[in-house]
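Participant: structure, please.
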Amino acid sequence: MPNGTYDNKILFAYYFILQKCQHYLIDHMDAEFLATSIDSIWSGTKFNSKAFIGFATSQNWISVHDRYIVTAMKAANEDEFSMVRKMKEQFSKKVNKFINRAKKADSYSQKSEETFDTELNSIIKRYKDEETTRLTSYEVDKKNEDLRISRKWISKFHELTQERGVWSLGRHTDVHWRLDRRENYLRMRRKLAINYDYDPHKDASAKRDKTPIADSASKSKHVSISRIKKAAIPETGRNVGPILNAVEPWTDCWGFAGSSLVSECESLESDDQEWNIVNGDEVVETVDLSTDSHLFTVECELIVLLSVIKGRLELTSNHLSFLVDRRNLLQELNNIEQGSMVIDSEMLRDKKWSILEIREIHMRKYLLKRSAFELFLTDSTNYFFNFPDPKDRTRLFNKITTLKPASMLNQDTRSPIKIFERSNMTERWKRHEISNFEYLMHLNSMAGRSFNDLTQYFVFPWILSDYESEKLDLTDPKIYRDLTKPIGAINPVRLEQFVERYENFDDPTGRIKKFHYGTHYSSAATVACYMIRMEPFTSVHISLQGGKFDHADRQFHSLHDTWLSCLNASGDVRELIPEFFYLPEFLVNHNNFDIGVRQDGVRVNDVLLPKWARTPEEFIRIHREALESDYVSANLHHWIDLIFGYKQKGEAAVKAHNVFYYLTYEGAINIDSIKDPVERKSIEQQIYHFGQTPTQLVAGPHAQRLLSKDFLKKDLLNSSSIHQRFVVELKCETLQFVDLPNPDSFESFSLIDSQKIIDSQKIISIDENGKIGCHQVLHKSMTRDIPFTVEVDPALQYKSQFSTPFCYDAVISPRCFACSKDGKVILSAGHWDNTFKVSNTETGRTVGSISGHQDIVTALAISEDGRTVVSGSRCSNLLSWKVDLTHDNEFLKIEPIPVQAFYEEPGASVEFVCITSDANIVLCTELNGKQFLHTYSINGKFLNYIEINEKLNHIISSNDKNLIITSSNKGRIYLLHDYEIPLIGRSIKLSSNNRQLWIGGCDGKLFIISYIDVKN
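Facilitator: Purely as a prediction, here's the structure:
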């Protein structure tokens, strides 16, 4: 600086700074020198640069500068850089924050756009799905409407071309049958129905024999599957025309499709498809619940034999509906070629029942889980539903019971053992109020056995051990099986093998417990094997065998061979099923299935019977008598202990050699706890195929039945001497008909009670003028000598006659009338137009007319349950008809198409007809002046006949003993013993308890023969 040249502006700036720092400099240099120097630099108004330079170059200033100013500048520099650095950091943070905020704003904006797009797409998709669903629903409704119309046409076709139709095609010689799913009051399924979906299963026979499959069989199967698949999910835009259009185009002379139409289309007709899932309920084309208030919806599964149909149950204020999940069903149908399920076009139908049709609901288990219930309806059908969530079962049941259906009798959700104790069935069985057969059916039903689930079908015991003798003596204990032992323990040699396996068995995992038998006494395969000759069990058997018949040597071929197999084979411990005691048809190969040829060259066809039974009917009769024998009655409780009682499991089961594979027992495993789907499926399949042990009903030893001789029923059928006679004057003309309608006689299988006391009962009478009387029997009396009182209809003299006249040459007698079980309508024959009429009991007005005969109808009868009518005519025709009842068992209508044609003997006329308690049909015919009694089975098979020597006025059957009771022109009543009647009895009727016989006399008097209990 001393040697430099400076600009005055710069010097002035320095001076200015010096002036401002004057107070600071005073502390560090001579004050006087500082003041003098500053004053000399600025003189007046001019700046003296030389003076300032002199000051700046003085030793005094340089010392201060170097010592204080430089140090201060360095400190200021450092502070400045530090401040800049902090400002930079703060700025960087603000910039980063701004950038992050910008990024977040961009991200939010992007997410908002994505959310907007998603919501918009969701709205579009929802709208599209709604429209697609609406379109699909429309197409389904259109298809169902077409199917409904097709069913109407097919029904009309059969009505017109059936054997008794206007355009009859003649008698059908090639008719095939399947089991009707309807049950009688004892839960027996006895009725066969025409199988319009008949499949000869030639492909299954060819697969078994490893021979080429015929093209026709393969094509038929393929067409059937394809048709069902197409019906399951309608294709969008596809023309859905009536199913009739899909039938192969050949017609008969009437222009109707013949057998091709029947084979392809009749499966869609509810009236003829007797084993369909929905037969008996209202088949709904479109389930319209818009008028009902919705209460509950739940996903569930309909169990049909071995098929599982997924869907949902919807409960409204008036209806219960099952809606099939068709998409899931289509996936199941893709496995149809592997034989994984039984094909049935009825699986496609939604179903709807009125709440008033629900009679009972019983809690059931499925695959060892308490997750199902069985729905019983008033039309004698029932359905088995399983719920993936067991709680849904309880919720739905509670919802249904809150509606209080008028016809619902059972609302008990307690354990089976509690329900069984409450039923008092054991005491009734001990006192011989119910038979062994009835008791076993009750035990099975209460233990959760079901005809709808083949994995837990009803189980009955082997009764006999003699299948070789020419004749059986049912009083000989040697002919019976040892009921104290399970079937696997009867043969001591084989039992040693089972015991050795039990003792040596050890599962390293500890999960599988010791067992005697690796197979079960009841399984789906066992049922299908026994019932292989009858659909739908033929199809079930083929399904279980992977699409083919099993080898002929393993089929149910002979009763004797099957018994020996159950005694000796290492893996055969089968018991029987109820059909061995009431259904002879299952022993006959009516459908001509090719079941195969055994190694000995014998073709398997009908079941080979024991020598002591000439026909299937005789075998069933003798077998049933053996079941009711004194020996079985005295020992049946031991078998009950093994199957339903305390010997079922635990230490008692071990001692009785009655331990089965662990997966057959309820509570053996919690399937829901298994997370691995493969392992779970494996366990379910084992339960599915091994069989299931019934729910235990008795905790201790079961009571023994008392001796039958001590409990003979006290009624007219068991006593010939202790009876009393009464006469009631009805003040009318000759009585042509007398009946005692009893609507409650078959109220409910689970609640049946013979001790139920009825205060009064209706008596219906018809005199020769056609006047209908409605009288009352009061089961109390003012006098000790008369056990009842009859109140005569006070308006009898003023009542109208039948509104429809009888034919001029018809013989009007008791045979021409029948009364419905509710007593509200009378069926009458003998009319000029070859029909029988349905008339109101109170007014006599005709409310229906049923045609089908080609001559005057001469005889009528109605079954004890009121669901079947049989009519006979002068041209020897006998037809059976189905009766529809309301939810409370009141008469509704008679179906216009006869179910079956029975008797036809040229020149003979049907004089009388009656239906026995086991649904056989007995008819009296006249031919060339002689009278004969013929017996037919419920399915139309002729059983036998006898010639009778007296002309009969009436024939009836007792309701529990199958005794035919007749009245003759000679004034005799024929039962087990005879009664002499002073006047010829025109009409006879036995009371429901068999204690009174009511006889209509020729002079308008009503005769009563009544049993008298001497002790009381």
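Participant: contacting residues for L305?
Facilitator: Contact analysis of L305 by Cβ atoms under 8 Å, 6 or more residues apart in numbering lists 342, 452-454, 536-537, 540. The way it works is simple: take the backbone N, C-alpha and C, and place the C-beta from them, glycine included.
Participant: turn these into a markdown table, columns for pLDDT.
Facilitator: Shown next, in a markdown table, are the contacts of L305 (pLDDT from 0 to 100):
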| residue | pLDDT |
| --- | --- |
| V342 | 59 |
| N452 | 93 |
| D453 | 93 |
| L454 | 93 |
| P536 | 90 |
| F537 | 94 |
| V540 | 92 |
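Participant: buried subset of those residues as a PyMOL selection?
Facilitator: A single PyMOL command selects the buried members of the contacts of L305 (16 or more other Cβ atoms under 10 Å):
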select buried, resi 342+452+453+454+536+537+540
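Participant: keep only those of the contacts of L305 that are in strands.
Facilitator: Per DSSP state E, strands hold no members of the contacts of L305.
Participant: how about N939, nearest residue that isn't a chain neighbour?
Facilitator: In space, and not counting its chain neighbours, N939 is closest to L192: 4.6 Å by Cβ to Cβ, 6 or more residues apart in numbering.
Participant: wait, doesn't the one you found sit right on L179?
Facilitator: Yes. Applying Cβ atoms under 8 Å, one finds L192 in contact with L179, separated by 6.4 Å.
Participant: how many neighbours does the residue nearest to N939 have?
Facilitator: 27 (other Cβ atoms under 10 Å).
Participant: ok, now which ones touch it?
Facilitator: L192 touches 177-180, 274, 585, 939, counting by Cβ under 8 Å, 6+ apart.
Participant: what of S570?
Facilitator: 494, 497.
Participant: let's have the chain start at 11 instead
Facilitator: All right, first residue 11 from here; so that's S580.
Participant: E506 versus that one, what's the distance?
Facilitator: Distance, S580 to E506, by Cβ to Cβ, to the nearest Å: 12 Å.
Participant: where's D402, which helix or strand?
Facilitator: helix 400-412 (DSSP states H and E).
Participant: the helix or strand where V923 lies pairs with which strands, parallel or anti?
Facilitator: Here V923 sits within strand 919-925, counting by DSSP H and E. Using DSSP bridges, strand 919-925 pairs in its sheet with strand 931-937 (antiparallel).
Participant: what sits up against the partner strand?
Facilitator: Outside of strand 931-937, the residues within contact range by Cβ under 8 Å, 6+ apart are 869, 871, 880, 882, 886, 888, 890, 912-913, 915, 917-926, 941-948, 958, 962, 965, 967, 974.
Participant: whichever of those residues end up buried, select them in ChimeraX.
Facilitator: Selecting only the buried entries of those in ChimeraX, with 16+ other Cβ under 10 Å as the criterion:
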select :869,871,880,882,886,888,890,912,913,918,919,920,921,922,923,924,925,926,941,942,943,944,945,946,947,948,958,962,965,967,974
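Participant: next step: the contacts of strand 931-937 restricted to strands.
Facilitator: Judged by DSSP E, strands contain the following of the contacts of strand 931-937: 869, 871, 880, 882, 888, 890, 919-925, 941-946, 958, 962, 965, 967, 974.
Participant: so where do the strands sit in the stretch 61-210 of the chain?
Facilitator: Ranges of strands in the stretch 61-210 of the chain, per DSSP state E, counting those that start in this stretch, are 187-189, 202-204.
Participant: what comes up buried for stretch 487-507?
Facilitator: For stretch 487-507, by 16+ other Cβ under 10 Å, it's 489-491, 493, 495-501, 504-505.
Participant: now do it: distance to the chain's middle.
Facilitator: 36 Å (Cα atoms, centre = their mean, to the nearest Å).
Participant: so what strands line up beside the helix or strand harbouring I860?
Facilitator: Assigned by DSSP H and E, I860 belongs to strand 856-861. Using DSSP bridges, the strands paired with strand 856-861 are strand 845-850 (antiparallel).
Participant: what's next to the strand it pairs with, contact-wise?
Facilitator: 782, 812-814, 834-839, 841, 855-861, 863, 867, 870, 881, 903-904.
Participant: what's the longest helix along the chain packed up against?
Facilitator: If you go by DSSP state H, the chain has its longest helix at helix 80-171. In this structure, helix 80-171 packs against helix 269-275, with contacts taken as 3 or more Cβ pairs under 8 Å, 6 or more residues apart in numbering; DSSP states H and E.
Participant: quick one: average confidence on the helix it packs on?
Facilitator: When pLDDT is averaged over helix 269-275, the result is 32.
Participant: also stretch 841-848?
Facilitator: pLDDT averaged over stretch 841-848 gives 91.
Participant: quick one: buried residues of that stretch?
Facilitator: The neighbour-count check on stretch 841-848 (16+ other Cβ under 10 Å) flags 841, 844-848 as buried.
Participant: return the subset of the buried residues of stretch 487-507 lying in helices.
Facilitator: Secondary structure defined by DSSP H assigns 504-505 of these to helices.
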